[in-house]
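[1] I would like the atomic coordinates for the input below:
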Amino acid sequence: MPTRPLPPLVEPTAELTRDDVSRYSRHLIIPEVGVDGQKRLRSARVLVIGAGGLGSPTLLYLAAAGVGTLGIVEFDEVESSNLQRQVIHGESDIGRPKAESARDAIRELNSGVQVRLHQTRLDSDNAVALFGEYDLVIDGTDNFATRYLVNDAASLAGKPYVYGSIFRFEGQVSVFWENAPDDRGITYRDLYPQAPPPGLVPSCSEGGVLGVLCASVASIMVTEAVKLITGIGDSLLGRLMVHDALSMTYETVKLRRHPDRRPVTGLIDYHAFCGVVSAEAEAAAAGSTITARQLHAMLAAGTEIALIDVREPAEWDIVHIDGATLIPKDRILSGEALAELPHHKPIVLHCKSGARSAEALAALKKAGFADATHLHGGVLAWASQVDPSLPVY
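    This is a model prediction of the structure:
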């Protein structure tokens with residue numbers, strides 16, 4: 001049963017011009033939005049974390065809706081691999097800062113929107129103060145460390161935020177707000193009290209994402225933002241929407257406050273909290289890591305080694321190092337593939353960038369493969385330092 005709508009986040013202080021009335025006429029004739037609702041959108045200040053897969057359509061539709069001030073937190077540059085899903089950028093933007101590319105696209109779409117760029121990495125030193133400058137935060141980042149940071153900083157700043165995530169064909173959206181009215185406060189830590197073990201959940205760069213899924217999920221995120229700003233409809237606060245594009249289903253799951261969650265009193269080191277690789281992988285890699293140039297020299301000298309690629313078959317089809325054997329990481333971690341590995345010659349593991357091979361290396365060390373090593377930087381380092389003709393992804 002629908003809950004009582006949340007009060008509007010923003011007061012309708014901005015005035016609409018004659019041009020505004022023409023531009024937003026399709027909003028103005030919706031009774032639930034109307035002139036007051038459009039004024040609230042015009043007065044709103046929304047901070048979007050990232051101008052990537054989710055941030056791109058989110059920024060475009062917020063701008064099209066007439067949100068008065070958009071902040072963009074983004075420090076990365078546009079790459080060709082972004083264009084499959086990051087629709088705010090174009091081919092001519094490759095190599096440019098994403099924040100500047102996004103700003104220019106927004107200005108072309110709606111010159112009446114004020115765009116504020118924050119070309120820095122969001123961290124524990126700047127997040128709370130930055131969030132305090134805005135009415136609403138939208139988080140479409142792709143790593144757990146930033147999600148926990150956004151959650152905790154929003155709690156300390158007293159701000160609601162819209163959460164979205166995507167992976168392959170699946171997406172999630174919710175609204176989190178620690179001090180929501182009527183004691184309805186739910187946060188990301190109620191959904192995920194603890195970060196998953198390092199390496200358990202691949203990133204989009206490792207597992208992939210259907211490009212158009214970004215638009216599907218971002219459109220729901222923007223819808224939630226508009227509802228929060230204008231105070232209409234039934235918010236996703238307290239519910240998680242799960243979308244499966246392959247089966248074309250949308251389901252909502254009710255969320256409840258975790259009984260052990262405590263109020264956030266300060267920010268922490270979120271990369272240490274979440275971990276990129278496990279402590280076991282770090283220990284295994286210490287002293288057992290080689291560079292791409294060292295591996296190249298070994299192969300050129302005819303050194304007998306077993307070069308094991310621990311990525312997935314789809315990644316192998318894109319690019320692989322000549323002479324390597326594909327044994328996906330999960331088969332090594334489960335022990336299934338240990339019998340396939342040689343004991344009479346050194347093993348060199350590699351993946352895309354080094355994180356997964358470090359996890360596999362820890363399993364091999366534990367199984368008695370004392371001479372095993374792994375390739376720092378993985379296939380990306382090999383393509384960069386040894387064979388630039390290889391494609392990267």
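[2] when you work out contacts or count neighbours from here on, use the C-alpha atoms and nothing else.
    OK.
[3] residue closest to the middle of this structure?
    Closest residue to the average C-alpha location of the chain: D142 at 1.4 Å, with CA atoms, centre = their mean.
[4] got a list of what it touches?
    Under the criterion of CA atoms under 8 Å, 6 or more residues apart in numbering, the neighbours of D142 are 165-166, 203-204.
[5] looking at these, which are in strands?
    Secondary structure defined by DSSP state E assigns 165-166 of the contacts of D142 to strands.
[6] top of the contacts of D142 by neighbour count?
    I166 (27 neighbours; other CA atoms under 10 Å).
[7] bridge partners for that one, pull those for me.
    Partner residues in beta bridges with I166, using DSSP bridges, are G171.
[8] wait, K365 touches E359, no?
    No. With contacts counted by CA atoms under 8 Å, K365 stays clear of E359, the gap being 10.1 Å.
[9] could you check which of these two is surrounded by more residues?
    E359 (26 against 17).
[10] where does the closest residue to that one other than its chain neighbours land on pLDDT?
    Nearest residue to E359, sequence neighbours excluded (CA to CA, 6 or more residues apart in numbering): A281, at 4.9 Å. On pLDDT, A281 comes in at 91.
[11] flag the shaky bits of the stretch 1-150 of the chain, pLDDT-wise.
    In the predicted model of the stretch 1-150 of the chain, residues 1-3 satisfy pLDDT under 70.
[12] ok, which stretches of it are helices?
    Along the stretch 1-150 of the chain, counting by DSSP state H, counting those that start in this stretch, helices occupy 18-23, 25-28, 34-43, 55-65, 98-109, 127-131, 144-157.
[13] so can I have CSV of those helices showing distance to A215 and mean neighbour count?
    Putting the helices of the stretch 1-150 of the chain into CSV (distance: least, CA to CA, whole Å; neighbours: other CA atoms under 10 Å) gives the following:
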stretch, distance to A215, mean neighbour count
helix 18-23, 23, 12
helix 25-28, 21, 15
helix 34-43, 21, 23
helix 55-65, 6, 23
helix 98-109, 16, 20
helix 127-131, 25, 19
helix 144-157, 20, 23
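[14] where do the strands sit along the stretch 251-393 of the chain?
    With strands called from DSSP state E, counting those that start in this stretch, the stretch 251-393 of the chain shows them at 289-290, 306-309, 325-326, 347-350, 373-375.
[15] relative to G66, which of those strands is closest?
    Of all the strands of the stretch 251-393 of the chain, it is strand 347-350 that lies closest to G66, at 47.9 Å by CA to CA.
[16] what about that closest one, average pLDDT?
    On average, strand 347-350 scores 98.
[17] that one - contacts with which helices or strands?
    strand 306-309, helix 355-366, strand 373-375 (3 or more CA pairs under 8 Å, 6 or more residues apart in numbering; DSSP states H and E).
[18] strand partners of it, parallel vs antiparallel please.
    Assessed with DSSP bridges, strand 347-350 is paired to strand 306-309 (parallel), strand 373-375 (parallel).
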